[in-house]
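Visitor: from the sequence below, what's the structure:
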Amino acid sequence: MKYSPIILLISFLYITSSAQGQKKFAQIEELIPTPNEYRNAAGAPGHNYYQQQADYKMNIVIDDATQMLKGDEIITYTNNSPDALSYLWLQLDQNLFSKTSDTKLIQVEKMEDFRDISQLKRKMFDYDGGFKIEDITSLNGVDLKYSINKTMLRIDLDKPLKTGASISFKIKWWYNINDRMAVGGRSGYEYFEKEDNYIYTVAQFFPRMCVYDDVSGWQNKQFLGRGEFTLPFGNYDVSITVPSDHILGATGELQNTSSILSGDQRKRLEQAKKSDSPVFIVTEEEAKASEVNHSKSTKTWKFKAFNVRDFAFASSRKFIWDAQNTTVGGKDVLCMSYYPKEGNPLWERYSTKLVAHTVQTYSKYTVDYPYPVAISVHSKSIGMEYPMICFNGGRPEADGTYSERTKYGMWGVIIHEVGHNFFPMIINSDERQWTWMDEGLNTFVQYLTEQEWERDYPSRRGPAYKIADYMKGDKSNISPIMTNSESIWQFGNNAYGKPATALNILRETVMGRELFDYAFKTYCERWKFKHPTPADFFRSMEDASAVDLDWFWRGWFYSNDHVDISLESVQLFLLNTQNPETEKAFRKEQNDTKDEFKGDLENKKMIKETINEKDANIDDFYAKRDLFKVDKLDDLEYAQFVKRNNQSLDLLNSNKFFYELNFKNIGGLVMPLIIRINYIDESSEIIRIPAEIWRRSEVDVSKVFILEKEVVSFRLDPLLETADTDLYNNSWPRELIPSRYDLFKQQKMRKRRDENPMQRQKRVDDLGN
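Guide: Numbering: from 1, shown residues only. As a prediction, the model looks like this:
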């Protein structure tokens, strides 16, 4: 069969076959576990899914004179697995601070790391940390055999714990609470030397059960400091004894309000439960009064929490306490904040409102918040999360002023840490193994929450263009997202920024908001109060959307490729109408406007008269003919063409523009092609081509566009939605991207660090007065 040139010209797609291109679109079944009775192929819990339960009854005492925590607990552990367990594993996370901790030994260091005296002081700080286990016994006092391996403790059972059976045992322990400012840590105390007061933010304070599941058996990877926690759900009954002038907030609901709070405080608390704006339970003036008198007596606060994976609390005589109600799914949630006077004016103005907003927004995109309270606690230079309670930084200057960075930092950390109630406190992934499953997903919803808090909120992470600099960096310092928590390079970018960006790209560019939101919420609903894995997430997103995302998971999560797609060239084709009047006029215009050779221009000036200009006999037929004149034979041939191709005339005379665009994948990460076309009449349109255009080639693809109007420019990724790392090669014709070279940048930055804008305005006001 013979094809006409017209048919060949309007071919829409040219792709060179490539085995590598096929690899990028290969299904990821080879990378993820095979579905089974515990986790099915749709990404949901299987028909035999199980999980263990660990219930705790604890008595805790804080010694405010020695900064020591003493505790005893009864753990009731229920084996819902199909396996008989001959031993139990518990986590001793405080052993991270023991003098023989592996964390200290494996730290890679150079002297240049200690140019700051505070860093050297931290290394030399003498702190006797770690759990001191006194007893592990049965309920009737019989010693149980146990063995400690660094941050893990194994209890050897006299007989295996059978399926469906429970065991209860007692543990008694103590440890020295760490000074966070001196040695760091996710919990500890902050000391206020002027008043001789402390803020205790206490977590990882008790021996906790490890997870036993169908994926890892016992998840007993050592705690080295970066890979956080993997915990079973359970119920908590906790009594905490502290100085009587302390105010204490904790996971769960306070059980002895009548004996622990004053009449005024109880009245205010009841008012807060009905208020949609913050109400003070303890005012700043009352907190200041408590700071002066260091009570020697104690009070015991009693809390209960149900179906949570952990427990934490905060205690101080410095705390201001405010609260308000918000309603989620028809249920009241008491949103609260605890903070010292040093947190004002930021904390009294924003914290509790941010808590309520976060609970509401996350509930919209994930699952309804199920717990009765949500708490934000302020201590300096911290951001850490636990069920129903989190510890957050964001402190103004001593004069009450604060920089814009401090404000947004405080907003962001509260949203982020309150958001962790959903990931991983409810949707309970394995933090020890996969940091991105809680931090990345949480950072993504944090971005959505920030954008609903303030118009044009300057979110640090989420928008695609903000990850571009990281992704184009040195590949030896970039880990795939699917990297164990302890082995990640550039932890913040990899575990927080890149997965959050990936989800944002899925939502905005690959799937669209409606499909993405439905699939994401489906995943959250399926795995609330359960233990999901990466495969469960990948499969759920595809199962609920009917979008094959294996290419996306493979590229964004399993590789360190980056996005750099270049618009290499553009060619314009106009159809030959075969009409001699039209075509010869077109060729004449092309000839008349073509570029001239410099030598020809010089010859016209230098050569006064050529031989053929002197001698009329020199020019023959070829010299005298008019190549662009239409003759009778042209007309006859065109008439015959029209007769043979009558059905093609409309197309030939349509005056359409045929543009062939050639693209090159430089970065390796395949992505959709989003192209903005700017027309000569100043109108424009955006065309979106799915990533599957790369399915047979990973390097080069071409596309032909048939357009009604002439184009002045094309631009790839015009809305900055694919994280393309080189914007210069996205345009045709190429566009220069200007930048300012600032000789005085360092001095200006130094001045900005020394003085925040509020302090500067104070000086301006003083000068005016």
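Visitor: how about the helix or strand hosting Val764: buried residues?
Guide: Assigned by DSSP states H and E, Val764 belongs to helix 757-768. For helix 757-768, the neighbour count (16 or more other CB atoms under 10 Å) marks Met758, Gln759 as buried. C-beta: built from backbone N, CA, C; applies to glycine.
Visitor: ditto for stretch 294-302
Guide: The neighbour-count check on stretch 294-302 (16+ other CB under 10 Å) flags Lys299, Thr300, Trp301, Lys302 as buried.
Visitor: dihedrals phi and psi, the second one?
Guide: Backbone geometry at Thr300, expressed as degrees, to the nearest 10, gives phi -110, psi 120.
Visitor: look up how far Met336 lies from it.
Guide: When CB to CB, to the nearest Å is applied, the distance between Thr300 and Met336 equals 20 Å.
Visitor: next one: the nearest residue to Glu404 once chain neighbours are set aside from Gly492, what distance?
Guide: Nearest residue to Glu404 in three dimensions, chain neighbours excluded: Pro757, at 6.8 Å (CB to CB, 6 or more residues apart in numbering). The gap separating Pro757 from Gly492 is 26 Å, by CB to CB.
Visitor: could you do Lys70 as well?
Guide: Taking CB to CB, one finds Lys70 at 36 Å from Gly492.
Visitor: thinking Phe233 is in contact with Phe529, fair?
Guide: Yes: using CB atoms under 8 Å, Phe233 makes contact with Phe529 at a distance of 6.1 Å.
Visitor: who has more neighbours out of these two?
Guide: With neighbours defined as other CB atoms under 10 Å, Phe233 and Phe529 compare such that Phe233 has more, 22 against 15.
Visitor: for the more buried one, give me its contacts.
Guide: Gln51, Gln53, Ala54, Asn307, Val308, Arg309, Asn428, Phe529 (CB atoms under 8 Å, 6 or more residues apart in numbering).
Visitor: surely Phe306 is in contact with Thr251?
Guide: No: Phe306 is beyond contact range of Thr251, at 10.4 Å (criterion: CB under 8 Å).
Visitor: next, show the common contact partners of the two.
Guide: Common neighbours of Phe306 and Thr251, counting by CB under 8 Å, 6+ apart, are Tyr236.
Visitor: and the two? Which one has more around it.
Guide: Higher neighbour count among Phe306 and Thr251: Thr251, with 24 against 15, using other CB under 10 Å.
Visitor: confirm that Asp237 sits in a strand.
Guide: Yes: assessed with DSSP: H, G, I helix; E, B strand; the rest coil, Asp237 lies in a strand.
Visitor: for it, name its beta-bridge partners.
Guide: Listed beta-bridge partners, Asp237: Lys57, Lys304 (assigned using DSSP bridges).
Visitor: name the helix or strand of the protein that has the lowest mean pLDDT.
Guide: None of the helices or strands of the chain scores lower by mean pLDDT, DSSP states H and E than helix 5-9, at a mean of 34.
Visitor: sorry, back to before: restricting to C-alpha, output the helix holding Val764 in PDB.
Guide: Output in PDB follows, covering the C-alpha atoms of helix 757-768 (Å, rounded to 0.1, in the frame of the first residue of the first chain):
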ATOM      1  CA  PRO A 757      11.600  43.700  61.600                       C
ATOM      2  CA  MET A 758       9.500  44.200  64.800                       C
ATOM      3  CA  GLN A 759      12.600  45.400  66.700                       C
ATOM      4  CA  ARG A 760      13.400  47.700  63.800                       C
ATOM      5  CA  GLN A 761       9.900  49.100  63.800                       C
ATOM      6  CA  LYS A 762      10.300  49.800  67.500                       C
ATOM      7  CA  ARG A 763      13.400  51.900  66.800                       C
ATOM      8  CA  VAL A 764      11.600  53.700  64.000                       C
ATOM      9  CA  ASP A 765       8.700  54.500  66.400                       C
ATOM     10  CA  ASP A 766      11.200  55.700  69.000                       C
ATOM     11  CA  LEU A 767      12.900  58.000  66.500                       C
ATOM     12  CA  GLY A 768       9.500  59.400  65.600                       C
END
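Visitor: got the buried residues for the longest helix along the chain?
Guide: Ordering each helix of the chain by length in residues (DSSP state H) puts helix 346-365 first. Within helix 346-365, the residues scored as buried using 16+ other CB under 10 Å are 346-348, 350-363, 365.
Visitor: got it, and stretch 511-526?
Guide: Neighbour-count burial for stretch 511-526, with 16+ other CB under 10 Å as criterion, is recorded at Met511, Leu515, Phe516, Asp517, Ala519, Phe520, Thr522, Tyr523, Cys524, Arg526.
Visitor: Val238: which of those is nearest?
Guide: Distance to Val238, by CB to CB, is smallest for Cys524 among those, at 27.9 Å.
Visitor: residues touching the residue most central in space within the chain, list them.
Guide: For the chain, the residue nearest the mean C-alpha position is Ala500 (2.7 Å; CA atoms, centre = their mean). Ala500 is in contact with Gly440, Leu441, Thr443, Phe444, Gln446, Tyr447, Arg461, Gly462, counting by CB under 8 Å, 6+ apart.
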